[in-house]
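S.K.: Show me how the following folds:
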Amino acid sequence: MGSISGPITEFCLDLYNKLNRNAEGANIIFSPMSISAALALVHLGAKNNTAAQIENVLHVRKAAGRTRSGSGLKTASPEMEPEINQARQTLSQCNKDGDLNHKAFQALLLQLQNLGERYVLTLANNLFIQEGFELHQQFLTCSKELYGAMLQAVDFHGAVEAARTKINTWVESETQGKIKELFAPGVIDAHALLVLVNVIYFKASWEHKFEEQKTVQRDFKLNQNEKKPVQMMYQKGMFKLGYIEEMGAQVLELPYAQKSLSMIILLPGDMAAGSTTGLEQIESTMTHENLMLWASSEYLYETRVELYLPRFKLEGTFNLNEVLQEMGMTDIFSESKADLSAMSFAKTLTLSNVVHKAYVEVNEEGTVAAAGTGAVIVRRSLPLTEVFMADHPFLFFIRHNPTNTILFFGKFCSP
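M.R.: Purely as a prediction, here's the structure:
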């Protein structure tokens, strides 16, 4: 399933760079895997140039050669065999031309739904369409079978407020009440035709929990001049740690229960002169190759670490229309160019809104989440205990270890 994790990471970095342009001093959290799956769902209904643009944005065109051979369906556990056989039957009907490998996405989603009882991961995609648009049965079947999406007809034109309430209620129930009021009044207007809603909710315990009595208030340096108090968690134990020499940055892997998932933290060295937060250097060299290298098992070594990590809660809500158009997905939003003829007979169907919300909470128990140059890492001659003090802005991502897929990516710089 490396076939799909690479494109998801490429898409993740593109999206982070776009969202980060106007986010100085602001936290960011989103789920590249979740958004990729949502766009793949839309791709099922797209044809010609509209489909090709989605493939380009998702970085699957160049991956197509290696994607076709390995679907990833074989990597799952034996108890999932009945589901996978069902999936294979569906795929014969739902495979379509183009470079996007829907079966790789489906296999990944199947694995993420079977993480075990110490995890909760709810990934929900839904398309809300204006009443009166007749949809192809094949599209309805495939979107449900591959992506678990249930299309719902609403009346944006005649009852936009009722439509908004219906969508918000669905989101709140899917995320166990964590994500409320996804659409504020006025965000959806009466001209809407098709709204893609994508939410993700995640809850897991750490492999080694922090003891609550060791959490104390400490200063978090927002930049070179400002500080803010945070609740700083503490534990001492064996963790995988790496060091990026050129930047003086540390990389720490913090595993969740059974090590199926991990949080990887990229912590800049002390803030460099002229740098506001120390993050710029990491961000400017953060390529797909570097990110994989920095977090790889070859470069992280197990050592005793004194770990200080703030308790935090982040929520990110993004309307992705503008960003996706900047990334090259233009036709689908244009009435004269959109080709959604694999979804509906209607010639006038365009995508009105793409909305994503992710929620992440990090505490002593674990995490609740709903939503260039080759840097060389060297093994230093180490003191007996390393200190990892996350008391200034850092980047983090949550990775599904068996497939190396980034589920969440974020920046924490403002408690």
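S.K.: Show me the strands in the stretch 101-250 of the chain, by range?
M.R.: 119-130, 152-154, 194-205, 216-221, 227-244, 249-255 (DSSP state E, counting those that start in this stretch).
S.K.: For these, could you give me CSV that also reports mean pLDDT?
M.R.: Formatted as CSV, those follow (pLDDT from 0 to 100):
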stretch, mean pLDDT
strand 119-130, 86
strand 152-154, 93
strand 194-205, 85
strand 216-221, 94
strand 227-244, 93
strand 249-255, 94
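S.K.: would CSV of these with distance to C94 and mean neighbour count be doable?
M.R.: C-beta here means a position set from N, CA and C on the backbone, and glycine is covered the same way. Shown next, in CSV, are the strands of the stretch 101-250 of the chain (distance: least, Cβ to Cβ, whole Å; neighbours: other Cβ atoms under 10 Å):
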stretch, distance to C94, mean neighbour count
strand 119-130, 15, 21
strand 152-154, 20, 17
strand 194-205, 18, 24
strand 216-221, 48, 14
strand 227-244, 39, 17
strand 249-255, 35, 22
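S.K.: What's the separation between F30 and C413?
M.R.: F30 is 15 Å from C413, where distance means Cβ to Cβ, to the nearest Å.
S.K.: just E283 next, same as before
M.R.: Distance from E283 to C413, by Cβ to Cβ: 11 Å.
S.K.: Number of residues surrounding L39?
M.R.: Counted with other Cβ atoms under 10 Å, the neighbours of L39 add up to 26.
S.K.: about what we covered before: E283 and C413: who's more crowded?
M.R.: Set E283 next to C413 and count neighbours by other Cβ under 10 Å: C413 wins out with 23 against 16.
S.K.: Span of stretch 171-181 from start to end?
M.R.: End-to-end distance of stretch 171-181 (Cα to Cα, to the nearest Å): 8 Å.
S.K.: what comes up buried for it?
M.R.: Neighbour counts over stretch 171-181 (16 or more other Cβ atoms under 10 Å) mark 171-172, 174-175, 178-179 as buried.
S.K.: Repeat that for stretch 144-156.
M.R.: 145-149, 151-152, 154, 156.
S.K.: Pipe those into a markdown table and attach distance to Q325 per row.
M.R.: Shown next, in a markdown table, are the buried residues of stretch 144-156 (distance: Cβ to Cβ, whole Å):
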| residue | distance to Q325 |
| --- | --- |
| E145 | 29 |
| L146 | 25 |
| Y147 | 23 |
| G148 | 27 |
| A149 | 23 |
| L151 | 23 |
| Q152 | 25 |
| V154 | 24 |
| F156 | 21 |
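S.K.: from these, which is closest to T287?
M.R.: Y147 (29.0 Å; Cβ to Cβ).
S.K.: quick one, phi psi at the closest residue to L135 other than its chain neighbours?
M.R.: With Cβ to Cβ, 6 or more residues apart in numbering as the criterion, L135 has its nearest non-adjacent residue at 5.2 Å, and that residue is S344. Here is the backbone geometry of S344 (degrees, to the nearest 10): phi -150, psi 160.
S.K.: Check the spacing between S344 and R311 real quick.
M.R.: 47 Å.
S.K.: Also G25?
M.R.: 20 Å.
S.K.: and if you look at M233?
M.R.: 6 Å.
S.K.: anything in contact with each of the two?
M.R.: Residues touching both M233 and R311 comprise 215, 363-364, with contact defined as Cβ atoms under 8 Å, 6 or more residues apart in numbering.
S.K.: Confirm for me that A346 is in contact with Q130.
M.R.: No. Here A346 lies out of contact with Q130, judged by Cβ atoms under 8 Å, at a distance of 9.4 Å.
S.K.: Look up how far F183 lies from E386.
M.R.: 45 Å.
S.K.: Next: H43.
M.R.: Relative to F183, and taking Cβ to Cβ, H43 is found at 24 Å.
S.K.: Neighbour count: the two, which is higher?
M.R.: H43 (26 against 20).
S.K.: so what's the more buried one up against?
M.R.: 51, 54-55, 58, 98, 100, 102.
S.K.: Just the buried ones from those residues?
M.R.: By 16+ other Cβ under 10 Å, those give 51, 54-55, 58, 98, 100, 102 as buried.
S.K.: wait, which of the residues you listed is closest to K18?
M.R.: Among the buried ones among the contacts of H43, and counting by Cβ to Cβ, the member closest to K18 is L58, at 14.4 Å.
S.K.: Verify the contact between the closest one and L41 for me.
M.R.: No. Counting by Cβ under 8 Å, L58 sits too far from L41 to count as a contact (11.5 Å).
S.K.: returning to that earlier point: which one of the contacts of H43 is nearest T122?
M.R.: H102 (20.7 Å).
S.K.: So the closest one sits against L39, correct?
M.R.: No. Counting by Cβ under 8 Å, H102 does not reach L39; the two are 11.7 Å apart.
S.K.: Not counting residues beside it along the chain, what's closest to F183?
M.R.: R164 (5.0 Å).
S.K.: List the contacts of the one you found.
M.R.: R164 touches 183, 185, 187-188, counting by Cβ under 8 Å, 6+ apart.
S.K.: Now do the strands in the stretch 301-415 of the chain.
M.R.: According to DSSP E, counting those that start in this stretch, the strands that the stretch 301-415 of the chain contains are 301-310, 312-319, 353-362, 366-369, 385-389, 394-400, 405-412.
S.K.: mind giving me CSV with those strands and columns for distance to S334?
M.R.: Output for the strands of the stretch 301-415 of the chain, formatted as CSV (distance: least, Cβ to Cβ, whole Å):
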stretch, distance to S334
strand 301-310, 44
strand 312-319, 17
strand 353-362, 14
strand 366-369, 34
strand 385-389, 48
strand 394-400, 33
strand 405-412, 29
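S.K.: Looking at those strands, which is nearest to S3?
M.R.: That would be strand 405-412 among these, by Cβ to Cβ, at 10.8 Å.
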